[in-house]
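Undergrad: okay, predicted coordinates and the sequence, questions at the end:
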Amino acid sequence: MNRQRMNPSDMRRGAGIVIACVAAALLVSAAFLLAAGRDPLQAGMVLFGSAFGSIDGVAETITRAVPLALAGLGIAIAFRASMYNIGGDGQLMIGAIGGVAALQWAGDAGAIGLPWLLLASALAGGLYGALAGWLRARFDASEIIVTIMLNYVAFQMLAWLVRGPLQESQKIMPRSGAIPEAAQLPELIEAGQLHAGVLVALALALLVHVVMRRTSFGFRLMAVGENPRAAAAGGIGVGGIIILSMAASGALCGLAGGVEVAGVFHRLEENMAPGLGITAIAVALLARLNTLAVPFAALLFGALTVGAGALQRQMAIPFPLLWIIDAVVIVAFLFAGARWRRAQPAA
Amino acid sequence: MDQLFWVGLLAAAFRLATPILFAALGETVAQRAGVLNVGIEGIMLTGAFVGAWAALQTGSPWLGIACAAVSGVTLAALHALLCLRWHLDQIVSGIALAMLGLGLSGYGFRLTLGANSAVRLPSFDRPDFGTLAELPWLGPVLFKQHALVYLALALAVAVWWFVRATGLGLAIRACGEAPDAAHAAGINVGRMRASCVLFGGAMAGIGGAYLSLAEIGNFVEDMMAGRGFIAIACVVYGRWNALWVLCAALFFGAIDAAQIRLQTLNPDIPYQFFVMAPYVLAIGALVFLSRRSRMPGALGRPFVAPQ
């Protein structure tokens, strides 16, 4: 899985895995729809129509894909280092908080508001991720449990802040005041809310790809992920790499939060991350932790998110179907990946 | 801080420890056999929903608990299939299981219980200890609890004894410490591990159903709020020893009971800080205890029987 370059047979294998995952997701969702007495074909049409049937729909799909791509990149980095970061939601919320708090602290930061917000959100998310990495490297505390616990801490922190220090001036709604126009991501087209965050996500996908494939940091990170003992024997500082991988992972998730604030919400709200961190794991795995493939996997899950919302509104199909699909994609990915590995001699 | 406060706190500690305890005991056995299941949270959620739904359908809370156990076994069987038969990554499979449980319970809930408002779940009869329950201090804390609380406490002792002192327990430990040796001694490692994973699933399902049926009296989406992960942490704190796991679960039950009470006693402090407390303490305890604990030697490692 962690090979440096993809050869043609590798590409075929990758395509096969993706097709297997999508087919499994379709079959299982159809079964759940039938169990609920809904027509799967009609649901498929609603889903596809809402996500791709109009300019507005496509714009919405891409808008939903942006935070998924950023967080998915973060998850992919962590998983490459064999750090199971399930704290994407928490890091996203802390990133959003950090961005908005930094803006307020700097008195709106004037013309540099947007880069200031995005940098602060990446820094805040990165520190939050690095905390989990440090606890793992220094104290051997399971990053799985720590990141989950930090999700709940971040949620309570956000819930307090939007009712306390960061609440809007009228003190009625549990949300912050709007950020100034200079700090907002510009909208790209008239339709939907498609904002320039999509460019940020694509640029970062390229950047992360180069870092992972072309720098010694990327090499060391993957070496630690493959076999920490061998990496340590080879002179790599495993603890440092663990902390840095979680910092990078958290920074990307935090940036996803900052981009959501700057592009979509334009303020801090309580429910900014309805399970984005969960879906981002499915995104990263469907992309086979290949960072260049992450934006495409994010687009697929962006469409699913838009579609799940439409299914809820139009056919009263419960939104949690999306988490079931997430799980099915991961299971299918694991299964298909193992199948292909076994078919190949000594891969 | 009078007697009423402390008695109430201790009684609530036992109640709130129970769902964590069930799940943690099941996970203890599974991990002792060498299998890590980080999807406990999803199984608990599914158990909570299935328990509530089945109790409403049948009118019997005990049948609800039984159905929750079956649902837990089913989800655990999926984990066993992926990890033990196909030797896939246990952690990623567990993460998928956690998501699946979140999705299944939410999907099912919105189609059934969530669709019609004001559902009244059938309630349990409480065991009656007569005059014992009238004792000051001890009465309310120890003799007025739900039957499942006693069951969980008894289970802790039973698991401790079973793993430590029986031949089957020894075989389970062998599978977790040295599966090659266990295999050479004629133990079917795959089957032994699968049985332990299924047991863990049943316990997590019951723990979840306890929370929805006995403690809250309703199902709420994502109602476990991380208890499944705290249960896994309790296994680490308890060093894979059921009696210490019991202590860890009681500790978190007490913390939970205390934070609820402190919220009402300190209206000036934002309540979110109290809600945060158990999670922060869980991290703190991991930091202090992870290094010192010695986990089963082959935990998380797949075992492929030599041909």
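TA: Yep, it's here. Residues are numbered from 1 along each chain as shown, chains lettered A, B, ... in the order given.

Undergrad: okay, now the unreliable bits of the stretch 101-250 of chain B?
TA: B:117-118 (pLDDT under 70).

Undergrad: quick check, pLDDT for the residue lying closest to residue B:64 once chain neighbours are set aside.
TA: Distance criterion Cβ to Cβ, 6 or more residues apart in numbering or on different chains; nearest residue to residue B:64, sequence neighbours excluded, is residue B:55 at 2.9 Å. Using the backbone N, CA and C atoms, a C-beta is placed for each residue, glycine as well. According to the prediction, residue B:55 has pLDDT 91.

Undergrad: who are the neighbours in contact with residue B:55?
TA: B:61, B:63-65, B:121-122, B:213 (Cβ atoms under 8 Å, 6 or more residues apart in numbering or on different chains).

Undergrad: which residues of the stretch 151-300 of chain A lie near chain B?
TA: A:151-153, A:156-157, A:159-160, A:163-164, A:275, A:278, A:281-282, A:285 (Cβ under 8 Å from any Cβ of the partner chain).

Undergrad: let me know the closest of those to residue A:291.
TA: Nearest to residue A:291 among these, counting by Cβ to Cβ, is residue A:285 at 12.7 Å.

Undergrad: the closest one: neighbour count?
TA: By other Cβ atoms under 10 Å in any protein chain shown, the residues close to residue A:285 number 27.

Undergrad: if we can go back for a sec, show me what counts as buried in the host helix or strand of the residue nearest to residue B:64.
TA: Residue B:55 is located in helix B:40-58, with elements delineated by DSSP states H and E. In terms of neighbour count (16 or more other Cβ atoms under 10 Å in any protein chain shown), helix B:40-58 has its buried residues at B:40-56.

Undergrad: what helices or strands is the next helix or strand after it leaning on?
TA: Per DSSP H and E, the first helix or strand lying C-terminal to helix B:40-58 is helix B:61-80. Judged by 3 or more Cβ pairs under 8 Å, 6 or more residues apart in numbering or on different chains; DSSP states H and E, helix B:61-80 is in contact with helix B:40-58, helix B:90-111, helix B:189-209.

Undergrad: at 10 Å what do you get?
TA: Packing contacts for helix B:61-80, counted by 3 or more Cβ pairs under 10 Å, 6 or more residues apart in numbering or on different chains; DSSP states H and E, involve helix A:321-343, helix B:3-32, helix B:40-58, helix B:90-111, helix B:147-165, helix B:189-209.

Undergrad: residues of the stretch 201-307 of chain B that sit close to chain A?
TA: By the rule Cβ under 10 Å from any Cβ of the partner chain, the part of the stretch 201-307 of chain B lying against chain A is B:221-222, B:225-226, B:228-230, B:232-233, B:236, B:270-293.

Undergrad: same thing but at 7 Å, please
TA: B:225-226, B:229, B:232-233, B:270, B:272, B:275-276, B:279-280, B:282-283, B:286-287, B:290-291 (Cβ under 7 Å from any Cβ of the partner chain).

Undergrad: which one (most neighbours) among the contacts of residue B:55?
TA: Of the contacts of residue B:55, with other Cβ under 10 Å as the count, residue B:213 tops at 30 neighbours.

Undergrad: contact partners for residue B:162?
TA: residue B:169 (Cβ atoms under 7 Å, 6 or more residues apart in numbering or on different chains).

Undergrad: separation between it and residue B:97?
TA: Separation of residue B:162 from residue B:97 (Cβ to Cβ, to the nearest Å): 25 Å.
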